[in-house]
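**Student:** missing the sequence, but the structure's below:
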Ligand code: GCV
């Protein structure tokens, strides 16, 4: 008897721990774990039943989600009702609710706009209810997800009065996915789109992908790489794209495609792709009509033209505006848009790379059709760990400009490093361009309020892939989440978003929340410190962009590290002041002066804008050399601290997730040390100054670190 009961308890314990744990990250932030006390008791009193007024597949999804979420969070205490009762959560279009609610909330619903929602505590026939309403079906779906988020994060729901609407219209992921299943700069396996088995066979992940995006308000997906394969526009692929579009549609997600500018030649049999050539214009018009015959709500095109070897209008002596407008004209009758990238630079142009995009686009301001958005990376070079904001922001007042953030961590340790990107996104969004005086933030440029643009957008280069946990690193999920949250509301703080994500993903245990939040909030600065402190940039290994490479000197000049750090016996840094390339002159005053003047240029942008002697006296009173070393060492120490903090969570979170992150941070420590040792020893060749005494010296020579293979540093 005794042994049986022991066996039973073991089995029970195993089952219990299995159901409690065994998290592989697939569920993302949508796990709907049981709420902790005391909120659970409160929620059970406040939420007695659910009622969704349906009528579309989107509302079916909203209903399923609401049931799934509430059942999980309240652990089963819920039922559906046909009539409103005390404690009903009622979701439905505003027009369907007017007769049920005692108070008129038509003003609120106006504010919610096309995609927004209202969540409010209301009375119906004297009964207390919670209403989730909107003007559109997708608005209700967003409202349901938001309501569930309130529960997942333990918020008080007794007196709700929320009106929420997105700050920008186009909230889109850019997948750099190739048709062979690989992903350019992807670190989470292969493409989610299985082009071979489409259109005949679909994968449940397509739906889960759409659901995850809808949960954070993302409403668009550019399916393929900006280095586009023209085959994407052939009927064979359009049939496949149609299947994805049909799956995404009820989740409010529109499909967009990247196109190759030379497609009329590549797949159309024309001899030219000149945008002013009538046959070319006709070809695009027909092609666009064909696309819409498959996908009636197709979003439009994303274009990388005359950039890094991609063809574009300049091949035919035409401008970016002429190229973009030709496509815009073809898309206009169907309501489609063009997202034209400003990521253009040319090694043969004798100008600082950081200045080239604005030089190219400034004269074109006002020439673009009204369904064109210029898509601009956050900084003027290329998604570096830290860049000042791109000078295009604020400088094209007549043109809608959308943000391009990178969610995939091409330059930030890929899927090895824990690096929470919201602080980086916020740094740029909150930056003041002074385009129209104080308060002209990048956020206001993007959301259209600065110049009164209607068409607005934010793109994020996706970090998703076929890995079971979607993003390679578990914390990569937080960056996907943060991107969506900020595209919806750029006024949220990084801390708030981290708080939400942690509670939704891990747990609301205060120790877990505080510890992980600290790790996340410190993580980006750690990465900057051990990779590119004090404004250094583009000193990573060639091609892979993962490990250090301050020595990279071969190939085209603007792809070397030397071009950017300019270290010599005198000092280090890129002089972009009026005595140098005068990139500072592209910013509005007083930003231009702030960056150009050593008294006002802050340390984080110092070497981005200035070439300074090794013994330059920093604000701290230390020499530039000492300060540089201290930053590199602080970066590594920061990661070690992060490691200790994470390890202190042992037993408090799911063991599988705990071990996974623990292993990644172990790899990150080694990677950070490699960066630090390489950079300090490399730059020491020029400074000829000793590493400050209190710092532990690298154990090996520069040559040793230079020969290491980056693959050995990738977390397995
Ligand atoms: C898709 C960087 C990346 C490229 C990328 C390019 C771009 O240069 O390294 O892989 O190409 O940016 O944004 O177009």
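**Tutor:** Great, that's in hand. Since this is a predicted model, take the numbers as computed values, not measurements. Numbers count the residues shown, from 1 in each chain.

**Student:** What parts of the protein come near the ligand?
**Tutor:** 176, 184, 185, 226, 227, 304, 308, 343, 382 (C-beta under 6 Å from any ligand atom). Every residue, glycine included, has its C-beta placed from N, CA and C.

**Student:** Could you tell me which of those residues count as buried?
**Tutor:** Burial by neighbour count, 16 or more other C-beta atoms under 10 Å: within those this picks out 176, 185, 226, 304, 343, 382.

**Student:** how about the second one, phi and psi?
**Tutor:** Right, the one you point to is residue 185. Dihedral pair for residue 185: phi 60, psi 30, per degrees, to the nearest 10.

**Student:** Need the pLDDT of the residue lying closest to it once chain neighbours are set aside.
**Tutor:** Leaving out its chain neighbours, the residue that sits closest to residue 185 by C-beta to C-beta, 6 or more residues apart in numbering is residue 410, at 4.4 Å. For residue 410, the pLDDT comes out at 98.

**Student:** what does residue 104 give?
**Tutor:** On the pLDDT scale, residue 104 is placed at 85.

**Student:** what does residue 77 give?
**Tutor:** For residue 77, pLDDT reads 73.

**Student:** you'd agree it is up against residue 41?
**Tutor:** No. With contacts counted by C-beta atoms under 8 Å, residue 77 stays clear of residue 41, the gap being 10.6 Å.

**Student:** Could you report the neighbour count for the one residue in the stretch 551-700 of the chain that gets nearest to the ligand?
**Tutor:** Scanning the stretch 551-700 of the chain for proximity to the ligand using C-beta to the nearest ligand atom identifies residue 559 as nearest, at 8.7 Å. Neighbour count for residue 559, taken as other C-beta atoms under 10 Å: 16.

**Student:** List the buried residues for stretch 585-603?
**Tutor:** 585, 586, 587, 588, 591, 592, 593, 594, 595, 596, 601.

**Student:** Quickly find the element holding the last one.
**Tutor:** By that I understand residue 601. Per DSSP states H and E, residue 601 falls between elements, in no helix or strand.

**Student:** now it: how far from residue 133?
**Tutor:** Per C-beta to C-beta, to the nearest Å, residue 601 is found 50 Å from residue 133.

**Student:** The second one now?
**Tutor:** From residue 586 across to residue 133, the span is 46 Å (C-beta to C-beta).

**Student:** just the fourth one next, same as before
**Tutor:** With distances defined as C-beta to C-beta, the gap from residue 588 to residue 133 amounts to 42 Å.

**Student:** how about the nearest residue to the closest residue to the ligand within the stretch 601-716 of the chain, chain neighbours excluded?
**Tutor:** Closest approach between the stretch 601-716 of the chain and the ligand, counting by C-beta to the nearest ligand atom: residue 710, at 14.8 Å. In space, and not counting its chain neighbours, residue 710 is closest to residue 547: 4.0 Å by C-beta to C-beta, 6+ apart.

**Student:** Would you check how far apart the one you found and residue 390 are?
**Tutor:** For residue 547, the distance to residue 390 - C-beta to C-beta - is 26 Å.

**Student:** With neighbour numbers in mind, choose between those two.
**Tutor:** Looking at residue 547 and residue 390 with other C-beta under 10 Å, you find the greater number of neighbours at residue 390, namely 28 against 21.

**Student:** Tell me the pLDDT of that one.
**Tutor:** pLDDT, residue 390: 99.

**Student:** Repeat that for residue 317.
**Tutor:** 98.

**Student:** do the one 4 residues further on as well
**Tutor:** Reading off the confidence values, residue 321 has pLDDT 98.

**Student:** What is the subsequent helix or strand relative to the strand or helix carrying it?
**Tutor:** With elements taken from DSSP H and E, the one containing residue 321 is helix 320-331. Counting by DSSP H and E, the next helix or strand C-terminal to helix 320-331 is strand 337-341.

**Student:** Helix 320-331 and that following strand, what's the angle between them?
**Tutor:** 160 degrees (axes from the mean of the first three to the mean of the last three C-alpha atoms, to 10 degrees).

**Student:** Which neighbouring elements make contact with strand 337-341?
**Tutor:** strand 170-174, strand 300-303, helix 320-331, strand 372-377 (3 or more C-beta pairs under 8 Å, 6 or more residues apart in numbering; DSSP states H and E).

**Student:** Name the residues that touch that strand?
**Tutor:** 170, 172, 222, 226, 256, 299-305, 307, 320, 323-324, 327-328, 331, 368-369, 371-376, 402, 404, 455, 457, 459 (C-beta atoms under 8 Å, 6 or more residues apart in numbering).

**Student:** Buried subset of those residues, written for PyMOL?
**Tutor:** The following PyMOL line selects those of the contacts of strand 337-341 that are buried, judged by 16+ other C-beta under 10 Å:
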select buried, resi 170+172+222+226+256+299+300+301+302+303+304+305+307+320+323+324+327+328+331+368+369+371+372+373+374+375+376+402+404+455+457+459
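
**Student:** Quick check: end-to-end length of stretch 297-308?
**Tutor:** 31 Å (C-alpha to C-alpha, to the nearest Å).

**Student:** roughly how far is that stretch from the heart of the chain?
**Tutor:** Per C-alpha atoms, centre = their mean, to the nearest Å, the displacement of stretch 297-308 from the mean C-alpha position of its chain is 18 Å.

**Student:** now do stretch 202-220
**Tutor:** Per C-alpha atoms, centre = their mean, the centroid offset for stretch 202-220 relative to its chain is 15 Å.

**Student:** go on, stretch 159-175?
**Tutor:** With C-alpha atoms, centre = their mean, you get 14 Å for stretch 159-175.

**Student:** Now that stretch: average pLDDT?
**Tutor:** Stretch 159-175 comes out at a mean pLDDT of 98.

**Student:** ok, longest helix in the chain?
**Tutor:** Longest helix of the chain, by residue count under DSSP state H: helix 655-687.

**Student:** In terms of secondary structure, what does the helix holding residue 321 contact?
**Tutor:** Using 3+ C-beta pairs under 8 Å, 6+ apart: helix 320-331 touches helix 278-294, strand 300-303, strand 337-341, strand 372-377.

**Student:** From the contact counts, what lies against the second one?
**Tutor:** In this structure, strand 300-303 makes packing contacts with strand 254-259, helix 320-331, strand 337-341, judged by 3+ C-beta pairs under 8 Å, 6+ apart.

**Student:** Any chance you could list what contacts that strand?
**Tutor:** 174, 222, 226, 256-259, 261, 312, 323-324, 327, 331, 336-341, 371, 375, 459.

**Student:** That one pairs with which strands, and in what direction?
**Tutor:** Sheet pairing for strand 300-303, assigned by DSSP bridges, gives strand 254-259 (parallel), strand 337-341 (parallel).
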